[in-house]
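K.L.:
here is a sequence together with a model predicted from it:
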2 protein chains.
Amino acid sequence: MPQGQKVYDMFLSPMFDHTSTVSSPGSQYLMRRSAWMAVTCLLTGHTPQFMLTAVTFTGYTPQEIVGGIADSEVLVSELLAQAGYRNKIIGKWHLGHRPQYLPLRHGFHEWFGAPNCHFGPYDNKATPNIPVYNGSDMMGRYYEDFAISRASGESNLTQLYVREALDFIDRQAAAGRPFFLYWAPDATHGPLYASRGFLGTSRRGLYGDAVRELDDGVGRILSRLRDRGLDTNTLVFFTSDNGAAMVSRSKGGSNGPFLCGKQTTFEGGMREPAIAWWPSRIQPGQISHQLSTVMDLFSTALDLAVAVPPSDRVYDGTSLLPTLLNGTEVDRPVFYYRGDELMAVRYGLYKAHFWTWTNGEDERSKGIDFCRGEDVPGVTTMQQVNHTDSPLLFHLGRDPGERYSIKPKSSEYKQAMRKLEDLVAVHRAGLLPGEPQFNMCDSAVMNWAPAGCEKLGRCLKGPKSKPYKCPWPH
Amino acid sequence: MPQGQKVYDMFLSPMFDHTSTVSSPGSQYLMRRSAWMAVTCLLTGHTPQFMLTAVTFTGYTPQEIVGGIADSEVLVSELLAQAGYRNKIIGKWHLGHRPQYLPLRHGFHEWFGAPNCHFGPYDNKATPNIPVYNGSDMMGRYYEDFAISRASGESNLTQLYVREALDFIDRQAAAGRPFFLYWAPDATHGPLYASRGFLGTSRRGLYGDAVRELDDGVGRILSRLRDRGLDTNTLVFFTSDNGAAMVSRSKGGSNGPFLCGKQTTFEGGMREPAIAWWPSRIQPGQISHQLSTVMDLFSTALDLAVAVPPSDRVYDGTSLLPTLLNGTEVDRPVFYYRGDELMAVRYGLYKAHFWTWTNGEDERSKGIDFCRGEDVPGVTTMQQVNHTDSPLLFHLGRDPGERYSIKPKSSEYKQAMRKLEDLVAVHRAGLLPGEPQFNMCDSAVMNWAPAGCEKLGRCLKGPKSKPYKCPWPH
């Protein structure tokens, strides 16, 4: 662990998966595996309900999706650009892959990476392989120009993303410009991979190898900041957008004591630690229990850059600077959504579930299981169970694994639920429904012919447009 | 975490639960919650099969048990006494509570504590409260003279055990004598308690309060060693005898990623971390993956004291000094027993289960569950399932939670099982059945009239002797 770090118990709602850096006057953001909700939350600073009503947990923006980030949304990248920052995203974008939605149209000056996950390999007939962009043009495709061996698990991708980050830091250091680097490598997302030097080096299989390579990459980025004399004026923020994906079985990692995994609203799905690093400003070795969300990173970045967001909308995040710099901890509610359903709420150490759901019997029979190996009767329900009349209440201090619900007749239950219900009422009163972006799908919108494909002679011919309602199972 | 520490991934078979210190020429052992198998293993250096065939995981030596440690067993305390050490046990003994089995008859010079767990309160009619001894005489009973409030969870016991440890260290420092302190406080064993200053101080309820008090106590013991100039010639070894007791529900702690809990042969039941502390000899901040067992502490202590055990028996432990002092790591098998059944074996990162069993349906219906919240089909079986013909094989690196068994047809399976079966064959060939000590029970042998009760006027009248076969459910 690097010197100058501050580890804290960050709560992420909605789920996120970022490695990031912000600072004033020099700042980096490094994100990876950016799930739609997390990215929209991070970049817009408010819950997707303001903007998207049909976002879902499977919101990894598959290629069929017609929608994307609206021009009316003001992203942190746009506000930082106005404040004089040079912005780069390295890795996954996930806010829509059609031309009008791409990063360079939304405040980023540079981009090296892909609009979607590296899933595949596809056949370029029913589904095109995901393109990799450098700036506004594609420069190739995963599995074709950017090799990923499904047999050996070997791929150079993380090395490539690290190299891009180091190059960007070098250039900004030379120019003496403040910068915002949003680093979102694909690792440790399945299908897993690692470069040759890391393959077989961990006790934890390919997953461990990928984590080791990511860790090494972050270390190299921190070293480069030190070497360029940028460490004392750069905030580096590292975290993840969701818990381990139990659905990936032994290749998805572990959520330790927390219940279930990614795609659920149990702690294993949404709670993540985070590390903030800022030598000279953040006291090393501290641990904070401040409950936070990715939306706080939006507010934190603007706070550092002394940038002011438009006043015509509500922001759900709050700046983390008091916590990071002074160790302040305050109680605040967080809301757990699945689709547009408020599944649960947490305040202090109490968490109430209004709905419980893992995934259905039909999927389990196909080996898909978000709670593999876990079974808490009445909690890890295979049906969508409505507990609104008598929410399931847990004390996450005494019971971080959400196994022992508090008796509804107890005074502890009544007192905690009163507070939680009040917070939910205030939250609901402030919600404005947004324009759904994830409802419509169309095979014609896939990455058949990304910008720049002509120059490379790499354009593919897609099918005719045939829009349909997206069939989200979760 | 103290300076000079070495954290390592110690594997404990059979389960143990110790806080200990050994050194040359000054040495301390501090154990707590000493389960029978663990204690016999630690103190004798070989598996209980040599000595006890009917030992079980519920071997917390309930008062009904007629048996105890045999005079023919040579304990580490006896060997260290011969080597000039002054030995004290503080806390629980668990090797039999009848007079011939008590610590002062087996190599310890001093004892402050109890022969059994602090379970209760009992009624002193059907069952006497557990006595607390100072030396060879009782000085009172739990709940009567040593208050434990079941209502508030308040008790001074940990403070009392810490004070005894500090006093012992002071006296040995003054006398300039090498010493062996085996510190086995009742915390954090249920029924949980903490002293007033720690009650309500953690986010984790009474369990967290108890852990915090134990942690604070260990810190005070280390400080005292420093203050007396004994830190550089004292090895302190801290560990636990088994995983969190899921059966205690939210009051039993958590096993993080490991499957099930205490009383089972899954990793959650038997795997524990350990901390070794020896400023100037052990390099601080190291992590070792050396797989070890409590039996190794027997061999380590003798190695340090240059004491030689009798050559007429086999010892299953090996000295940990090469690991602790030089970072050496070697592969070695460990065997997981439940009763006298070999349930599983581990070598390297492979673990094979010959039998699986959690606990039965009848107990579950009463709320007793060693795997609460966990359900891995075919693994966490409620029946005793014999897999001997095709053992369940797990790779504990890729799959520390024992969820994804390796396919029996794979070459990985065949290769790993060949090695494991060979190791088991060698192990079985060297086993000698011992004299069962846990088979016979009798209410007359309970702690009705411990030595010293007459002086205090605290003797109770027990029932007439009526021996019966102990009804062990596990």
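P.N.:
Alright, I've got the coordinates. Numbering: from 1, shown residues only, chains lettered A, B, ... in the order given.
K.L.:
so, low pLDDT: which residues of the stretch 1-150 of chain A?
P.N.:
The stretch 1-150 of chain A contains residues with pLDDT under 70 at A:1-60.
K.L.:
what does the stretch 301-450 of chain A put close to chain B?
P.N.:
A:349, A:372-376, A:395, A:397-401, A:403-404 (C-beta under 8 Å from any C-beta of the partner chain). All C-beta spots, glycine's among them, are computed from the backbone N, C-alpha and C.
K.L.:
one more: the stretch 101-250 of chain A?
P.N.:
Residues of the stretch 101-250 of chain A lying near chain B by C-beta under 8 Å from any C-beta: A:202, A:203, A:204, A:205, A:207, A:208, A:249, A:250.
K.L.:
what's near enough to touch the second one?
P.N.:
So that's residue A:203. B:289, B:349, B:397 (C-beta atoms under 8 Å, 6 or more residues apart in numbering or on different chains).
K.L.:
out of those, which is nearest to chain A?
P.N.:
Nearest to chain A, judged by C-beta to the nearest C-beta, of the contacts of residue A:203 is residue B:397 at 3.9 Å.
K.L.:
tell me how many other residues surround that closest one.
P.N.:
Residues near residue B:397, counting by other C-beta atoms under 10 Å in any protein chain shown, number 17.
K.L.:
do you know the pLDDT at it?
P.N.:
Note for residue B:397: predicted pLDDT of 94.
K.L.:
next, the contact list for it, please.
P.N.:
A:202, A:203, A:204, A:205, A:208, B:349.
K.L.:
and those, which of them are in helices?
P.N.:
Among the contacts of residue B:397, the members found in helices (DSSP state H) are A:205, A:208.
K.L.:
of the contacts of residue B:397, select the buried ones using a ChimeraX command.
P.N.:
The buried subset of these, as determined by 16 or more other C-beta atoms under 10 Å in any protein chain shown, is captured in ChimeraX by this line:
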select /A:202,204,205,208 /B:349
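K.L.:
Throw the contacts of residue B:397 into JSON lines and include distance to residue A:388, thanks.
P.N.:
Formatted as JSON lines, those follow (distance: C-beta to C-beta, whole Å):
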{"residue": "A:202", "distance to residue A:388": "44"}
{"residue": "A:203", "distance to residue A:388": "45"}
{"residue": "A:204", "distance to residue A:388": "41"}
{"residue": "A:205", "distance to residue A:388": "42"}
{"residue": "A:208", "distance to residue A:388": "42"}
{"residue": "B:349", "distance to residue A:388": "46"}
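K.L.:
just the terminal-to-terminal distance for stretch A:323-340.
P.N.:
30 Å (C-alpha to C-alpha, to the nearest Å).
K.L.:
ok, back up a step: let's have the residues of the stretch 101-250 of chain A next to chain B in CSV, adding distance to residue A:222 and pLDDT.
P.N.:
Output for these, formatted as CSV (distance: C-beta to C-beta, whole Å; pLDDT from 0 to 100):
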residue, distance to residue A:222, pLDDT
A:202, 21, 95
A:203, 25, 93
A:204, 23, 93
A:205, 26, 95
A:207, 23, 95
A:208, 21, 95
A:249, 32, 90
A:250, 30, 87
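K.L.:
strands along the stretch 1-150 of chain A, start to end?
P.N.:
Secondary structure of the stretch 1-150 of chain A (DSSP state E, counting those that start in this stretch): strands located at A:5-8, A:19-22, A:86-92, A:110-114, A:131-134, A:137-141.
K.L.:
and of these, who's closest to residue B:273?
P.N.:
Evaluated over the strands of the stretch 1-150 of chain A, closeness to residue B:273 peaks at strand A:5-8, with 18.7 Å, by C-beta to C-beta.
K.L.:
quick one, helices of chain A?
P.N.:
A:36-44, A:76-82, A:157-175, A:205-227, A:267-270, A:295-305, A:321-326, A:361-364, A:411-429, A:453-456.
K.L.:
may I see the buried residues of the longest one?
P.N.:
Of the residues in helix A:205-227, those with enough neighbours to count as buried (16+ other C-beta under 10 Å) are A:205-214, A:216-218, A:221-222, A:224-225.
K.L.:
what packs against it?
P.N.:
Helices and strands touching helix A:205-227, by 3 or more C-beta pairs under 8 Å, 6 or more residues apart in numbering or on different chains; DSSP states H and E, are helix A:157-175, strand A:235-239.
K.L.:
now the residue nearest to residue A:384 when sequence neighbours are not counted: phi and psi?
P.N.:
Excluding the flanking residues, the one nearest residue A:384 by C-beta to C-beta, 6 or more residues apart in numbering or on different chains is residue A:357, at 4.5 Å. Here is the backbone geometry of residue A:357 (degrees, to the nearest 10): phi -170, psi 130.
K.L.:
number of residues surrounding residue A:357?
P.N.:
Counted with other C-beta under 10 Å, residues neighbouring residue A:357 total 22.
K.L.:
would you show me how to pick out the buried ones of the residues of the stretch 301-450 of chain A next to chain B in PyMOL?
P.N.:
The PyMOL command for the buried members of these (criterion: 16+ other C-beta under 10 Å) is given here:
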select buried, chain A and resi 349+372+373+374+375+376+395+397+398+399+400+401+403+404
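K.L.:
buried ones in stretch A:158-177?
P.N.:
For stretch A:158-177, burial by neighbour count (16+ other C-beta under 10 Å) applies to A:158, A:159, A:160, A:161, A:162, A:164, A:165, A:166, A:168, A:169, A:172, A:173.
K.L.:
and for stretch A:87-106?
P.N.:
Going by neighbour count (16+ other C-beta under 10 Å), the buried part of stretch A:87-106 is A:87-97, A:101-104, A:106.
K.L.:
CSV for the helices and strands packed on helix A:205-227, including distance to residue A:334 and mean pLDDT?
P.N.:
Output for those, formatted as CSV (distance: least, C-beta to C-beta, whole Å; pLDDT from 0 to 100):
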stretch, distance to residue A:334, mean pLDDT
helix A:157-175, 30, 96
strand A:235-239, 14, 90
